[in-house]
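**Student:** I'll drop the sequence and a predicted model, then ask my questions.
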Amino acid sequence: MKVILSLGLIRGLLWQLLGTALGIGFFTLVRALLGLPSWEAEPAIVVGALFGALFFLLGVGVLNDWLKWAAGEPTEDHVDDSHLGWRRYFGPSLDHKVIGVQYLVLSLVLMSVGGLFALLFRTELAQVQMQFLSLDQYNTLMSLHGMVMIISILMGIAAFMNYLVPLLIGAHDMAFPRLNAFSFWIAVPSAIILLSSLALGGFDTGWTGYPPLSVRAPIGIQMFLLGVSLSGFSSILGGLNIIATIVRMRARSMTPFRMPIFVWSSLATSIISLTATQLIGLSFQMVMLQRLFGMSFFDATKGGNPILFQHLFWFYSHPAVYIFVLPGLGIISELLPVFVRKPLFGYRWIAMSSLGIALVGFLVWGHHMFTSGMAEYLRVPFMYSTLLVAVPTGIKFFSWLATAWQGKISFETPMLFILAGIVVFLLGGLSGPPHAVVSTNLHLHDSYFVVGHFHNAMYGGFVFPFFAAIFYWYPKITGKRLSETLGKIQFWLMAPSFVIMSLLMMRIGLLGMRRRIADYEPAFGFEPYHLIMTIMAFLTALGVVVFFINVIYTQLKGQPVTGNVWNSRSPEWQVPSPMPVHNYERELIVVGEPYDYGSPGSRYVKFVGEA
Amino acid sequence: MAHTSKSKAFRLGLLVFIALVVLTVVEFFLAVYLNVWLLLVIVALCKAGLVIYYYMHVYRLFQADTTLDRNSYAYKLATNRLGLWLFLVSDSFVFGGLMVARINLLGLTHPHLEQTVGLIVTSVLLVSSFFMNRAETAIAHGKRNQFVASTAITLILGIAFLVGVIGVEWRIAPFGPADGAHGAVFYSMTGFHAFHVFTGIIFLAIVLRNGLRGCYSSERHWGVEACAVYWHFVDVVWIFYYPALYLIGTVIE
Ligand code: HEM
Ligand SMILES: [Cu+2]
């Protein structure tokens, strides 16, 4: 019992419960004192949720050091909490490696929850007419699936950026370790708030939360809006930390063009999340204000403008799709040379293309609004700017092809996932331009073709590279190697079934299947397709189950590995696994190019004092 | 030598303040007699530029010495500066988003507000920025008493600003938050800004208390510097919000 209560997470959850109750009570009391009718559910619950999040943070203890600073007391700088063993993963550790693993676990938990939602409504879709979900339940599950998965992706990329960036640049930690812990822990109560919308009547807006629908939805929408706004801080502050770390903590001899590619893509990602994220927060808060105080930002009958919401929302949410994929594309570029034993082709181009995608990505948001009634003259500029993104994206593909060309490819599990990532991202990328061209967009918008497009983009740009990265760095993190057999089973369960599912999505989309719809007209003949897609979805999910079995099996039975498992040139593999508590004992010196695989005797880094 | 650099720094702060006052007066009369929005934007940009350069010392970001020992105070100070500025860049996207909403919904009109109140709160914030700068200059030159006094004055002026906006303007405004787009825009812009002023006041109170207990020295006063940069940032936001809410365009009834 005492051990359990000493875990930050448990304390945080209890405090959150307490804080929520206090918040609701406090708000009701204030209203009563002001002589207003004392009970009004919606504002009371919002205040309660806010208090809950704050109390969670107090309960976990991530605010302690800042409170001490405010009180003018000194704090310890390099806290070594490794004596806590497994318990440090449940508390406010400042070690970037621990925080990386915390993010990873949170990401996998959210991915499982979001995946479960998808299986539920996917099963409902397998047959025409409604079988076991109500229309409201369908809408809630579909909307939550989208947002939970997005947050899961944000946590997943944060996991690898946190774990890897300091290691790849030879730093002992992030620039701001306390802020780093805060960024992780704020995401936990946010996720809980987001999921609590299930208990409060759900919502039926899709992940985009457009008004006027979101203004009329049940109270559950408030938890959605608030949960997303709060978890935005995780992204923003995480991005801030990564940028500062890359700029200030790099090994002295690591010039910008000798940084590993993953560091470049993390930088590009972080620039987007630092800035654009504020606008999804703002647009959601404006809807909250409209609901709570009647402020008519988006109410056309009172001088507001619903299109304004879409502009603010997509100003984040388009660049956000690059937040999702840039780190994954970085992982592809990082691992491909290792498994083909050849230098990465066009290093500088790859590095710059990440920044290029990030910057052009800021100028294209209107392509989501071609049918929305946005000013007509904006359509063509947005069409061309969107097509422009294909240029830096294409650069990456050419580089991957040229890197793999005539290489000695070895097909271990990470490499399989990398290859699947490339193929699937290509499908996602190729299905983008038909959306970008106004004339075809008018036909495709709001159809299942869009659903197929972005699932391809996200599986290729995030999910498959993410699993590749887990398989690749697992020995570094834990000192054990995941089973290759189970890994391959997982791969063959996930990749083909996903491709089939997404191609069918695009096909029925072209034939007229609308997205975000619980039922469909039998006469279209979509039923067999939907049945196959549902089966494929279950196979994909089974792959994920195999992954979890693999993790458990490896932790129980796996043989320790300490060496350079993949024969990599990267600095983190030049020291024993699992990574020592303070990373590198001696300073790292860059002595060569990062990806000169295949040239015998050449090295990327050595350590001070090493021959 | 030390003496001249000291008085120079204080004099520069004063000169910048005078320039800001002049520009504010120019801005007000431009609005009354000409009301060309572009001119108002240019004046606001000039004011913001002055504050960002002379009060927030943005150039310090580019003076970071990378050869220093990584564990030295100076190296960490430069890292902290970068972190704070990144935060402000991020925060300005919130204010920018609200400004976009204002431009989209109100165009060349502004809500019906009490001009004297607007001018008074704007001046109060401007004066508070002057004292904030004085406080930082004072601690940088080891003048503890002057630092404490200036910080206290900044704090009081900050509270006065909040009282002016929330206590007076919100009460006397002839419309509420639910009254049309101008209500929504006015209360959200001033509300978000006031929330930042409020956090700045808490920051100032912490700095004042720690300053009284002697936590800062002329070499080590990152807390004061951070507070000052944040406070000036809040002022810069108001430099844009004031004309956007009070001056640009014609009044909507
Ligand atoms: C070559 C690159 C790409 C192009 C040209 C492109 C273009 C488009 C366009 C025009 C739409 C709007 C379709 C509509 O609703 O009418 C769209 C939707 C979408 N795209 Fe892409 N895209 C590209 C890459 C990506 C990537 C890399 C991702 C994600 C990781 C992505 C994720 C999405 C999502 C999530 C939506 C749907 C948003 C919604 O309405 O819910 N796209 N894409
Ligand atoms: Cu887009």
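**Tutor:** Happy to help now that I have it. Ligands and ions are numbered 1, 2, ... in the order given.
**Student:** who touches whatever helix or strand residue A:350 lives in?
**Tutor:** Counting by DSSP states H and E, the element that carries residue A:350 is helix A:347-360. Helix A:347-360 is contacted by residues A:257, A:259, A:261, A:264-265, A:267-269, A:271-272, A:319, A:322, A:326, A:329-330, A:333, A:344, A:385, A:388-389, A:391-393, A:395-396, A:399, A:593-595 when judged by C-beta atoms under 8 Å, 6 or more residues apart in numbering or on different chains. (Glycine included, C-beta is placed from N, CA and C.)
**Student:** List only buried entries from the residues you listed.
**Tutor:** A:259, A:261, A:264-265, A:267-269, A:271-272, A:319, A:322, A:326, A:329-330, A:333, A:344, A:385, A:389, A:392-393, A:395-396, A:399, A:593-595 (16 or more other C-beta atoms under 10 Å in any protein chain shown).
**Student:** who in the stretch 101-250 of chain B is up against chain A?
**Tutor:** Proximity of the stretch 101-250 of chain B to chain A, by C-beta under 8 Å from any C-beta of the partner chain, involves residues B:101, B:104-105, B:177-178, B:180-185, B:187-188, B:206, B:209-210, B:213, B:215, B:223.
**Student:** Swap in 6 Å and give it another go.
**Tutor:** B:101, B:104, B:177-178, B:180-181, B:184, B:206, B:210, B:213, B:215 (C-beta under 6 Å from any C-beta of the partner chain).
**Student:** of all these, which comes closest to residue A:240?
**Tutor:** residue B:206 (21.3 Å; C-beta to C-beta).
**Student:** My read is that residue A:489 contacts residue A:546, right?
**Tutor:** Yes. Assessed by C-beta atoms under 6 Å, residue A:489 is found in contact with residue A:546 at 5.4 Å.
**Student:** These two - which one has more neighbours?
**Tutor:** Using other C-beta atoms under 10 Å in any protein chain shown as the criterion, residue A:489 and residue A:546 rank with residue A:546 on top: 21 against 18.
**Student:** buried residues in the strand or helix carrying that one?
**Tutor:** Assigned by DSSP H and E, residue A:546 belongs to helix A:527-557. In terms of neighbour count (16+ other C-beta under 10 Å), helix A:527-557 has its buried residues at A:529-530, A:533-534, A:536-537, A:539-541, A:543-544, A:546-547, A:550-551, A:554.
**Student:** low pLDDT regions in the stretch 151-253 of chain B?
**Tutor:** Along the stretch 151-253 of chain B, segments meeting pLDDT under 70 span B:253.
**Student:** Mind giving me the packing neighbours of the helix or strand just after the helix holding residue A:546?
**Tutor:** Later in the chain than helix A:527-557, the nearest helix or strand by DSSP H and E is strand A:588-590. Applying 3 or more C-beta pairs under 6 Å, 6 or more residues apart in numbering or on different chains; DSSP states H and E, one finds that strand A:588-590 contacts strand A:605-607.
**Student:** Pull up the pairing partners for the strand it packs on, direction included.
**Tutor:** Sheet partners assigned to strand A:605-607 using DSSP bridges are listed as strand A:588-590 (antiparallel).
**Student:** Quickly check: the helix holding residue A:350 near ligand 1 or not.
**Tutor:** No. Judged by C-beta under 6 Å from any ligand atom, helix A:347-360 stays clear of ligand 1, getting no closer than 8.6 Å.
**Student:** With stretch A:444-458 instead?
**Tutor:** Yes. Judged by C-beta under 6 Å from any ligand atom, stretch A:444-458 and ligand 1 are in contact via A:444-445, A:450, A:453-454, A:457-458.
**Student:** and residue B:229, what does it touch?
**Tutor:** B:56, B:84 (C-beta atoms under 6 Å, 6 or more residues apart in numbering or on different chains).
**Student:** Point to the residue nearest the middle of chain B.
**Tutor:** residue B:235 (1.5 Å; C-alpha atoms, centre = their mean).
**Student:** Next, the contact list for that residue, please.
**Tutor:** Taking C-beta under 6 Å, 6+ apart as the definition, contacts of residue B:235 comprise B:125, B:129.
**Student:** is it true that it lies in a helix?
**Tutor:** Yes. Counting by DSSP: H, G, I helix; E, B strand; the rest coil, residue B:235 is part of a helix.
**Student:** do you know how far whichever residue of the stretch 351-500 of chain A sits closest to ligand 1 is from residue B:37?
**Tutor:** For the stretch 351-500 of chain A, the residue closest to ligand 1 is residue A:432, as judged by C-beta to the nearest ligand atom, at 2.4 Å. Using C-beta to C-beta, to the nearest Å, we find residue A:432 at a distance of 38 Å from residue B:37.
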